[in-house]
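# Make a model of this:
(one chain, ligands or ions: 2)
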Amino acid sequence: MTRLSVNINKVATLRNARGANNPDVVKVAKDCEVFGAQGITVHPRPDERHIRHSDVLELSKVVTTEFNIEGYPDRRFIDLVKTVKPAQATLVPDPPEAITSNTGWDTLKHQAFLAEVSAELHTAGVRVSIFLNPDVKLVDAAAKSGADRIELYTEPYATHYHSNREKAIASYIETAKLAKSAGLGINAGHDLDLHNLAYLVQQIPAIDEVSIGHALICDALYYGLENTIQMYLRQLT
Ligand SMILES: CC(=O)[C@@H](O)[C@H](O)COP(=O)(O)O
Ligand SMILES: NCC(=O)COP(=O)(O)O
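Residues are numbered from 1 along each chain as shown. Ligands and ions are numbered 1, 2, ... in the order given. I've put the predicted structure just below:
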């Protein structure tokens with residue numbers, strides 16, 4: 001069954017707005033796990049606009065489900081991951097100024113770089129996932145990079161879901177099928193929400209994990225965090 005990893009970046013955004021420690025990111029992560037989250041995801045960006053490197057170190061002491069650290073694999077990120085040794089690191093090609101993640105890796109162009117990073121993170125016992133657009137031409141190089149999983153970048157799916165969900169998911173189904181046959185695990189994330197999640201996992205049951213943050217934290221403002229996590233988990237059954 002597909003597992004839910006809650007991305008708590010936006011909890012840190014709110015905390016940073018006043019410079020103190022409210023909401024407490026560590027407490028929220030622990031509560032998310034109590035409420036049923038099967039993983040915690042963070043994305044410590046270079047400018048630390050939300051999750052700080054110090055948060056990652058504190059979270060690593062308390063997260064008991066799967067800890068997933070996302071980021072561009074520069075030296076600071078790699079060293080942080082090797083120090084923390086999370087269950088998974090998800091490599092994204094985001095430039096430092098990106099407002100959010102908005103594309104996956106060109107694995108044909110960056111296969112050697114990704115292979116080098118994957119090998120280094122594997123020495124620390126960390127599973128490697130690489131962010132990927134739903135394009136079958138990218139899968140072979142992704143597999144040859146030594147990554148354990150791909151994470152399907154689902155913003156395009158979410159954008160077109162309401163207008164034509166069958167068309168929106170088609171490339172994801174074929175990419176996931178090829179990736180699975182290449183021995184890769186399948187994750188998915190970005191802009192998933194209570195409207196589009198169930199159809200995604202029904203059509204691609206091979207998805208191991210979805211990581212969801214922005215919409216889930218926004219929903220929690222209306223439904224409460226515990227209820228919201230339960231609502232998302234029900235979309236996965
Ligand atoms: C990789 C991915 O899709 C998410 O982690 C996204 O990067 C969220 O980042 P922000 O919370 O900074 O938008
Ligand atoms: N990898 C996707 C993620 O962690 C959260 O993305 P979003 O739900 O905040 O768009």
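# Packing partners of the helix or strand hosting Gln202?
In the assignment (DSSP states H and E), Gln202 maps to helix 197-203. Counting contacts by 3 or more Cβ pairs under 8 Å, 6 or more residues apart in numbering; DSSP states H and E, helix 197-203 packs against helix 165-181, strand 209-212, helix 225-235. Where C-beta positions appear, they are placed from N, C-alpha and C, glycine not excepted.
# please redo it, this time with the cut-off set to 10 Å
helix 155-161, helix 165-181, strand 185-189, strand 209-212, helix 225-235 (3 or more Cβ pairs under 10 Å, 6 or more residues apart in numbering; DSSP states H and E).
# Name the surrounding residues that touch that helix.
1-2, 4, 152, 154, 157-158, 161, 165-166, 168-170, 172-173, 176, 188, 192, 207, 210, 212, 215-216, 231-232, 234-237 (Cβ atoms under 10 Å, 6 or more residues apart in numbering).
# that older thread, right, and the helices and strands packed on helix 197-203 - which one's nearest ligand 1?
Among those, the nearest to ligand 1 by Cβ to the nearest ligand atom is strand 185-189 (5.1 Å).
# is ligand 1 contacted by the closest one?
Yes. Remark: strand 185-189 sits within contact range of ligand 1 at Gly189, by Cβ under 6 Å from any ligand atom.
# looking only at pLDDT, what's the mean for that strand?
Taken as a whole, strand 185-189 has a mean pLDDT of 98.
# before we move on, what about stretch 215-228?
The pLDDT scores in stretch 215-228 average 98.
# Lys30 contacts Val63, doesn't it?
Yes. If you go by Cβ atoms under 10 Å, Lys30 and Val63 touch, sitting 8.1 Å apart.
# any common contacting residues for these two?
Common neighbours of Lys30 and Val63 are listed as 37, 40 (criterion: Cβ under 10 Å, 6+ apart).
# For beta bridges, what are the partners of the most centrally placed residue in the chain?
Nearest to the mean C-alpha position of the chain, by Cα atoms, centre = their mean, lies Ser211 at 4.3 Å. Here Ser211 sits in beta bridges with Ser5, Gly189, going by DSSP bridges.
# what does the chain have sitting close to ligand 1?
Residues of the chain lying near ligand 1 (Cβ under 6 Å from any ligand atom): 7, 9, 43, 45, 70, 92, 100-101, 131, 189-190, 213.
# Tell me where this structure has helices.
Read by DSSP state H, the chain holds these helices, from start to end of the chain: 9-16, 25-34, 53-60, 75-84, 107-123, 139-144, 155-161, 165-181, 197-203, 214-223, 225-235.
# Identify whichever of those lies nearest to Pro96.
Evaluated over these, closeness to Pro96 peaks at helix 75-84, with 11.0 Å, by Cβ to Cβ.
# tell me which strands and helices that closest one is in contact with?
Helix 75-84 packs on helix 53-60, strand 66-71, strand 88-91, helix 107-123, going by 3+ Cβ pairs under 10 Å, 6+ apart.
# and Arg234, what does it touch?
36, 194, 197-198.
# Noted, bye for now.
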